[in-house]
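A.B. asks: Structural data only, the sequence is not supplied:
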């Protein structure tokens, strides 16, 4: 339960920073690029950046109660600063809601004067990010306002105390040796008390302790990202010149790559263009990229031709059938002749034998008959 509270608080803080930075980035990107509106655009962007930093710092202040560094409030009127300070003395939540109201009102006013010439359906994503961030801040605030139930914590402490005094008795009764009883008792009791104190330490993630969430680092990261949005190179998309080829390259964090990034950033804002990069590229010690090899689409696999048999070579089925019929007819005639011969042989055997007058060659009658 304590770890789930800690993890939920960390996730909500990260999500709020991402949503509000996305809203600020969208407002900077949606600003007009007309030369006539340049002064109004600069005032709008600087005001948005300062209000967003103040909003995030106030949101973190409502969670932990500590003070956080924000982007300087230079240019904001003293009456508004005094009003925010007075609201903060009552409740910190009201201070956060007031800054959110200022930010939304600033966006609406700059839609009408042409600073944000963007379609309302596209601009609505900014209001969605702002409202989602406020909802997540309220969800994170409940971790401080709703602590771990007191009765539940007291019952856990009582059960641990009973366990602490009960385990030695049970171990002494079960174990045969004193060192086995002492070791098992110490191990079991120590683990349970350690888990209990660990849960007590992380159940309130918002604070200034060593084991609490690094909220100051989150605030510094947000300020750094917001200041980056005001850079001219961040607002100017890169120019692309077709080179007639395409190859992949591997980026690293070495000194040469960092130097090249800084020099490219300097030449981005230089009106002379990218000519300054020519002598710089000769100083780089990295090997030249491999030559570009155009990729060709593989040829489709050859389809095997089907075997075609000539019809003329096949035998004539009609002639075969006629021959079969002739053979069948011949067999039937032969069978009928055999039947007739068998009938004649039976008649001959059944006929009376004529008496013989004399035997031929001196044999008897039977042999002569045969």
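C.D. replies: Happy to help now that I have it. Being a predicted model, the structure only gives us computed values, none of them experimental.
A.B. asks: Wait, residue 96 touches residue 60, no?
C.D. replies: No: contact criterion C-beta atoms under 8 Å: residue 96 and residue 60 do not qualify, at 9.8 Å. C-betas here are computed from N, CA, C, even on glycine.
A.B. asks: where along the stretch 201-350 of the chain do the helices fall?
C.D. replies: Per DSSP state H, counting those that start in this stretch, the stretch 201-350 of the chain carries helices over the ranges 215-229, 232-235, 255-268, 277-283, 317-350.
A.B. asks: Check which residues of stretch 167-177 are buried.
C.D. replies: 167, 168, 171 (16 or more other C-beta atoms under 10 Å).
A.B. asks: Kindly confirm whether my reading is correct that the last one touches residue 189.
C.D. replies: No: applying C-beta under 8 Å as the test, residue 171 and residue 189 come out as separate, 10.1 Å apart.
A.B. asks: Identify, from the buried residues of stretch 167-177, the entry nearest to residue 243.
C.D. replies: residue 167 (75.2 Å; C-beta to C-beta).
A.B. asks: which SSE is that closest one in?
C.D. replies: In the assignment (DSSP states H and E), residue 167 maps to helix 150-174.
A.B. asks: contacting residues around that helix?
C.D. replies: Outside helix 150-174, the residues that touch it by C-beta atoms under 8 Å, 6 or more residues apart in numbering are 178, 180, 181, 182, 184, 185, 188, 189, 192, 193, 196.
A.B. asks: again, but for stretch 19-27
C.D. replies: With C-beta under 8 Å, 6+ apart as the criterion, stretch 19-27 contacts 44-45, 48-49, 52, 55-56, 107, 116, 125-126, 129-130, 132-133, 136, 222, 225-226, 229.
A.B. asks: Buried among the residues you listed? Make that a PyMOL selection.
C.D. replies: Selection of buried members from these for PyMOL, criterion 16+ other C-beta under 10 Å:
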select buried, resi 44+45+48+49+52+55+56+107+116+126+129+130+132+133+136+222+225+226+229
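A.B. asks: mind listing which of the contacts of stretch 19-27 are in helices?
C.D. replies: 44-45, 48-49, 52, 55-56, 107, 125-126, 129-130, 132-133, 136, 222, 225-226, 229 (DSSP state H).
A.B. asks: quick one: average confidence on stretch 344-358?
C.D. replies: Stretch 344-358 shows a mean pLDDT of 68.
A.B. asks: Listing request: residues of the stretch 101-250 of the chain with sub-threshold pLDDT.
C.D. replies: 244-250 (pLDDT under 70).
A.B. asks: which of the helices of the stretch 201-350 of the chain is buried the deepest?
C.D. replies: helix 215-229 (a mean of 16; mean count of other C-beta atoms under 10 Å).
A.B. asks: could the helices of the stretch 201-350 of the chain go into TSV alongside distance to residue 30?
C.D. replies: Output for those, formatted as TSV (distance: least, C-beta to C-beta, whole Å):
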stretch	distance to residue 30
helix 215-229	12
helix 232-235	11
helix 255-268	21
helix 277-283	31
helix 317-350	84
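A.B. asks: Select, out of the ones you listed, the one closest to residue 31.
C.D. replies: Nearest of the helices of the stretch 201-350 of the chain (C-beta to C-beta): helix 232-235, 8.2 Å.
A.B. asks: tally of neighbours for residue 4?
C.D. replies: By other C-beta atoms under 10 Å, 9 other residues sit near residue 4.
A.B. asks: Quick check: it vs residue 201, distance?
C.D. replies: 15 Å (C-beta to C-beta, to the nearest Å).
A.B. asks: what's the answer for residue 142, then?
C.D. replies: Where residue 201 is concerned, residue 142 sits at a distance of 20 Å (C-beta to C-beta).
A.B. asks: and what of residue 123?
C.D. replies: Counting by C-beta to C-beta, the gap from residue 123 to residue 201 is 45 Å.
A.B. asks: With residue 324 instead?
C.D. replies: For residue 324, the distance to residue 201 - C-beta to C-beta - is 102 Å.
A.B. asks: just residue 79 next, same as before
C.D. replies: 44 Å.
A.B. asks: Of these two, give the one with the bigger neighbour count.
C.D. replies: Higher neighbour count among residue 79 and residue 201: residue 201, with 15 against 8, using other C-beta under 10 Å.
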